[in-house]
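> Would you be able to build a 3D model of this:
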Amino acid sequence: MRDLIGYGEHPPVVGWPGDARVAVSLVLNFEEGAESSIEAGDARDEDISIFGGWSADPTRRSLMKESFFEYGSRVGIWRYLGLFREYGVRSTVMACGIALERNPEAAKAIARDGHEICGHGYKWQGLVGMTAEEQRAEIRRCVAAIEQTAGVRPSGWYVREGITEETRAVLVQEGFLYDSNSYSDDLPYYVDTAEGPHLVVPYAGDTNDARFWGTGSLGSPDDFFSVLKDSLDCLLLEADEVPRMMSVGVHLRIGGRPSVAMAVRRFIEYAQAQQGVWFGTREEIARWWLQNAPATAPATEMEGASR
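Residues are numbered from 1 along each chain as shown. So this is what the prediction gives:
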């Protein structure tokens with residue numbers, strides 16, 4: 001059954017590390033080479049539009065469309081790894097297994113720099129339409145690719161086209177801490193599964209560079225910076241009462257372009273100049289929540305935790 005109530009008027013008051021009031025999660029989506037591709041043996045190319053409304057016939061191989069994706073793996077990932085080193089922040093890289101297999105140098109560099117790698121499926125697709133066992137096989141194939149290329153095991157999960165009613169029970173069985181296939185809150189929350197409670201660390205679609213894509217609603221990097229700044233400002237105001245969480249989503253073939261990367265750079269500088277902002281990976285956020293707001297704790301025990 002859908003939960004349309006959530007925390008309601010009284011969310012749990014769970015402070016972040018260092019008495020921060022807003023936890024900012026920077027997310028890189030590493031999907032390049034994992035999209036549907038005739039070159040990779042798929043029946044069709046990825047059916048997407050780029051450059052506004054232009055789209056190639058997905059039944060024929062498009063080298064132009066392939067090059068659009070390739071930018072993220074060839075250039076975008078290195079731009080952001082350098083940017084994050086410069087500002088001393090760590091991100092969560094939602095990585096498709098085959099994308100890392102096709103760029104093992106990047107996989108090693110992501111882990112070397114201390115970024116979290118979150119399972120994003122083996123291919124850039126979702127789990128909808130799969131049985132529980134088919135989902136388990138996809139999850140395990142993604143995990144194996146991440147372990148073999150980056151030498152780390154993912155603790156989080158997020159996929160492009162969604163999950164099913166069985167997915168979260170499978171994730172608990174497979175040892176995952178959390179998933180991010182939700183856009184329903186500004187704080188982590190628990191859901192019940194057949195295997196017990198499971199933590200959801202929600203994502204966001206508004207503070208996401210995908211809004212530049214196709215006929216998206218963002219027209220310039222200034223637009224993106226304004227959305228990020230206003231989102232943080234709102235959450236900081238609300239955090240006087242209840243600490244909040246903010247996600248920033250970047251796709252390396254989109255946000256990896258110089259102009260959009262400058263908007264992200266400006267946002268990091270702005271956020272670091274504010275009091276009470278903590279940049280954490282989604283795994284760090286999940287572990288903090290599990291420790292300070294465990295699923296078994298009554299709501300009254302959560303009030304004032306870590307404050």
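> tell me the helices in the stretch 101-250 of the chain, going along the chain?
For the stretch 101-250 of the chain, the helices defined by DSSP state H, counting those that start in this stretch cover 104-112, 132-150, 167-173, 221-238.
> Low-confidence stretches in the stretch 1-150 of the chain?
49-54 (pLDDT under 70).
> which residues in it form strands?
22-30, 92-95, 116-119 (DSSP state E, counting those that start in this stretch).
> Tell me which of those is the most buried.
Greatest average neighbour count among those goes to strand 92-95 (a mean of 29), per mean count of other C-beta atoms under 10 Å. C-beta here means a position set from N, CA and C on the backbone, and glycine is covered the same way.
> so what strands line up beside that one?
strand 22-30 (parallel), strand 116-119 (parallel) (DSSP bridges).
> contacts for it?
25-31, 107, 110, 115-120, 146, 156, 158, 180, 281-283 (C-beta atoms under 8 Å, 6 or more residues apart in numbering).
> can you check stretch 217-236 too?
So stretch 217-236 is contacted by 21-22, 24, 186, 206-207, 209, 211-212, 244-246, 248, 259-260, 262-264, 266-267, 270-271, 274, 276-277 (C-beta under 8 Å, 6+ apart).
> Separate out the buried members of those residues.
Buried by 16 or more other C-beta atoms under 10 Å: 21-22, 24, 186, 207, 209, 211-212, 244-246, 248, 260, 263-264, 266-267, 271, 276-277, out of those.
> Just give me the neighbour total for the residue lying closest to residue 242 once chain neighbours are set aside.
Leaving aside its sequence neighbours, residue 242 sits nearest to residue 11 (C-beta to C-beta, 6 or more residues apart in numbering; 4.9 Å). A total of 20 residues lie near residue 11 under the criterion other C-beta atoms under 10 Å.
> show me the contacts for residue 157.
By C-beta under 8 Å, 6+ apart, the contact set of residue 157 is 118-120, 139, 171, 176, 178-181.
> redo that, cut-off 10 Å
94, 118-121, 127, 139, 142-143, 163, 167-168, 170-171, 174, 176-181 (C-beta atoms under 10 Å, 6 or more residues apart in numbering).
> Helix, strand, or coil at residue 278?
strand (DSSP: H, G, I helix; E, B strand; the rest coil).
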